[in-house]
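> Sequence first, predicted model second:
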Amino acid sequence: MPIVAQSTETTDWVSRFADDVIEESERRAPGKPVVVASGLSPSGPIHLGNLREVMTPHLVADEIRRRGYQVRHLISWDDYDRYRKVPKGIAGVDEEAWQEHIGKPLTSVPAPEGSAYPNWAEHFKAAMIESLAELGVEFDGISQTAQYTSGVYRDQVLHAMKHRGDIDAILAQYRTKPKAAAKKQQQKPVDEAELEAAEGSGAAAEDDGSSTAGYFPYKPYCGNCEKDLTTVTSYDDDTTELAYTCTACGFSETVRLSEFNRGKLVWKVDWPMRWAYEGVVFEPSGVDHSSPGSSFQVGGQIVGIFGGKQPIGPMYAFVGISGMAKMSSSRGGVPTPADALQIMEPQLLRWLYARRRPNQSFKIAFDQEIQRLYDEWDKLAGKVTDGSALPADVAAYTRAVGTAAGELPKTPRPLPYRTLASVADITAGHQDQALRILSELDPANPLGSLDEARPRYDKAEAWINTHVPADQRTIVRDEADAELLKSLDEPSQQSIRLLLDGLADNWSLDGLTHLVYGVPKVQAGFPADATPKELPPEIKTAQRSFFALLYHLLVGRDTGPRLPTLLLAVGQERVRALLGE
């Protein structure tokens, strides 16, 4: 493997993890590709919180690739997990009817009605795979259904059953807690993977394989009803004969585990088994998996039974949406990467994950905050271009705009998002009007086609159409408000005249910005280009009053899109008519 020096000047959290992972990989498996991993359960829509499970190792893997190493980023699709609950609000799903599938593997549950995919898991995997492609995430997908049902893990399953006493001894350290400790633990983040393995099984203890006949780290799916509501009643190490009964339908059978592929290891054993089998060096885990006694901690002890080592595993914090509690796939109704990519470019979404350390929580905005985020992003792009950005910010920007394979597709003319949103709002889908307005933003370098502003324009338009309430949309007046115009006092009339007199000479985004801010200054006896430091505080009050007057005359409200953009959108002739000329 090549050795590439890493400059301390540009070291960020991604680079630091890459250093550690390369070193650890060389220690464990010298000369072999570095293995990083993620795990996703397609139990419902795979949301933006789940995306951190992928983006954290992706960014580290990509940094390692940039240094010339071979890397495998595995995504284990936990599609052989049990169907734990019916998510709410899924189109094509009768919540009551789908209850009958609880306890089956996700790949045995029907897809929502109207889906093009063969089962529940494939339906929800497909949307995530499409989003990951748009985000430039390179990975090797592994279906756990395929692994288990084809017998790939047979030796590991038999090994776990042979060493069930050792596994049980590790789990016993965490199985019983004093009441006070248990109550305190309930207040911590819940390990949803463990819940998905346990809920509906009759007893929480069955999550780790406990039964009246002893401990077994393997749970069969019923040969009759396909559900995991089964109890292993006996097992013979020599013959590998396993007997089980199903509490759901009463079915029972005896099978040879050395030939049987319809079941899986329980979660706290399954995860460390995979670490050892795949040689995983780096895999993050959410705070719900990292609390004392949860999967990652227990797995760190169990992995040794399979001859492996626990990966380097940073804990990552939750990702939120403004005004929304912690996201859960099984609850439904939560924004997915596809939802985010409908309103923002992949570069911006990548940046949100790249700029924060894994243990820092952050929120993704679907409300007005998205405009501020885009302003911040464009400002950073300018600083990177002129060389004034800080090294860590440059690193995050670089990771956002592309991967080791090259840059992501981008908007040729990245006009301000808030401007594009305002234009999309005002023109209400009329592309010829949108092009007219956008081409007037910079008369010296006019936009020749809307394609130059795409895909950013399309994202802004989608945001306006899907996330801005109807009562906040902009509707320009059909005719002048004669009554309001007639009631204006002399200073207000003068401010309107000053604006109208300057329209023709300032008909561009910059020119109109200078004009609308300058009118109150001129009225107060100051130059139009006077800076805030040169002006008394009351000028700001005068500006706000002037802006409110213009909004009332143009759109009948106190507020609206930025006035320079609004004026361009309305058009000079119509502006003059609405302002009473």
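Arrived safely, thanks for sending. Numbering: from 1, shown residues only.
> chain center to stretch 140-154: distance?
27 Å (C-alpha atoms, centre = their mean, to the nearest Å).
> buried set for that stretch?
Neighbour counts over stretch 140-154 (16 or more other C-beta atoms under 10 Å) mark 142-145, 147-149, 153-154 as buried. Quick note: C-beta positions are derived from backbone N, CA and C, even for glycine.
> got CSV for these, with distance to Asn224, secondary structure and pLDDT too?
Formatted as CSV, the buried residues of stretch 140-154 follow (distance: C-beta to C-beta, whole Å; DSSP: H, G, I helix; E, B strand; the rest coil; pLDDT from 0 to 100):
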residue, distance to Asn224, secondary structure, pLDDT
Ile142, 29, strand, 98
Ser143, 24, strand, 98
Gln144, 22, helix, 98
Thr145, 19, helix, 98
Gln147, 24, helix, 98
Tyr148, 19, helix, 98
Thr149, 17, helix, 98
Tyr153, 23, coil, 98
Arg154, 23, helix, 98
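> Columns distance to Arg65 on top of those residues, output as CSV?
Formatted as CSV, these follow (distance: C-beta to C-beta, whole Å):
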residue, distance to Arg65
Ile142, 20
Ser143, 24
Gln144, 26
Thr145, 29
Gln147, 26
Tyr148, 30
Thr149, 32
Tyr153, 29
Arg154, 33
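> now, which of the residues you listed sits nearest Asp393?
Ile142 (35.1 Å; C-beta to C-beta).
> Leaving out the residues flanking it, which one is nearest to that closest one?
Ser76 (5.0 Å; C-beta to C-beta, 6 or more residues apart in numbering).
> For that neighbour, name its beta-bridge partners.
On the basis of DSSP bridges, Ser76 is bridged to Gly39, Ile142.
> Kindly state the pLDDT recorded for it?
Note for Ser76: predicted pLDDT of 98.
> That one and Glu452, how far apart?
Remark: distance between Ser76 and Glu452 (C-beta to C-beta, to the nearest Å) = 41 Å.
> circling back: residues near the residue nearest to Ile142, how many?
23 (other C-beta atoms under 10 Å).
> is it true that it touches Val36?
No: with contacts counted by C-beta atoms under 8 Å, Ser76 stays clear of Val36, the gap being 11.7 Å.
> Now do whichever helix or strand Leu380 is part of: everything it contacts.
Using DSSP states H and E, the element containing Leu380 is helix 369-386. By C-beta atoms under 8 Å, 6 or more residues apart in numbering, the surrounding residues in contact with helix 369-386 are 322, 343-344, 347-348, 351-352, 363, 365, 389, 393-394, 397, 414, 416-418, 421, 463.
> Now do the buried residues in that helix.
Applying 16+ other C-beta under 10 Å to helix 369-386 flags 370-371, 373-374, 377, 380-381, 384 as buried.
> can you give me the angle the helix or strand following it makes with helix 369-386?
Once the chain leaves helix 369-386, the next helix or strand it forms, by DSSP H and E, is helix 391-401. Orientation check (axes from the mean of the first three to the mean of the last three C-alpha atoms, to 10 degrees): helix 391-401 against helix 369-386 gives 110 degrees.
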